[in-house]
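**Q** Just need the structure, nothing else, for what follows:
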Amino acid sequence: MAKGTLELLCGPSGVGKSTNLKSKIQEPFTYSTREPRNDKDAKTKRFITPTEFDKLEHDGEIVGTHNYLGEKYGFSSEISDVINRGGNISEQIVSVAPINELRRVVGRENVHTTLFLT
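**A** Numbering: from 1, shown residues only. From the prediction side, this is the model:
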């Protein structure tokens, strides 16, 4: 079976990452310790406390972690299983920091990145 892909849209707030993902409704695979901004946020991220985040990271359930503006972000370790089963995932990130770890987790050839520059 062919593996799927992890598409990462990377760029600062307000450059159009969410607009590009609107047509790709899916289960959220990212975690964040920040507060949700609106009702649509819950469709794109799982919001948890810093304590919960630290425990999940310690247990290996969150990978590709990084900090941005004092908040923690990471990806569910489930992404590896989805990609290995041939599934495709599209996620947005604000920092390029987790890209190398995500390439290690799901395979370099399975991670595709698009950078939004302002």
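
**Q** Can you tell me the centre-most residue of this structure?
**A** Taking C-alpha atoms, centre = their mean as the criterion, residue 30 is the residue nearest the geometric centre of the chain, at 4.2 Å.

**Q** Quick check: phi and psi at it.
**A** Listed backbone geometry of residue 30 is phi -110, psi 150, with angles given as degrees, to the nearest 10.

**Q** for the one 5 residues further on, same thing?
**A** Torsion angles at residue 35 (phi, psi; degrees, to the nearest 10) stand at phi -80, psi 140.

**Q** on that earlier part again, for the residue nearest to the centre of the chain, give me its contacts.
**A** Contacts of residue 30 were listed using C-beta atoms under 8 Å, 6 or more residues apart in numbering, and they are 44, 45, 46, 73, 74, 75, 76, 91, 92, 93. Quick note: C-beta positions are derived from backbone N, CA and C, even for glycine.

**Q** Pipe the residues you listed into JSON lines and attach pLDDT, distance to residue 113 and neighbour count per row.
**A** Converted to JSON lines, these look like this (pLDDT from 0 to 100; distance: C-beta to C-beta, whole Å; neighbours: other C-beta atoms under 10 Å):
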{"residue": "44", "pLDDT": "72", "distance to residue 113": "18", "neighbour count": "18"}
{"residue": "45", "pLDDT": "82", "distance to residue 113": "19", "neighbour count": "18"}
{"residue": "46", "pLDDT": "90", "distance to residue 113": "22", "neighbour count": "17"}
{"residue": "73", "pLDDT": "92", "distance to residue 113": "16", "neighbour count": "23"}
{"residue": "74", "pLDDT": "93", "distance to residue 113": "17", "neighbour count": "24"}
{"residue": "75", "pLDDT": "91", "distance to residue 113": "14", "neighbour count": "27"}
{"residue": "76", "pLDDT": "92", "distance to residue 113": "18", "neighbour count": "21"}
{"residue": "91", "pLDDT": "82", "distance to residue 113": "11", "neighbour count": "24"}
{"residue": "92", "pLDDT": "79", "distance to residue 113": "11", "neighbour count": "20"}
{"residue": "93", "pLDDT": "80", "distance to residue 113": "9", "neighbour count": "21"}
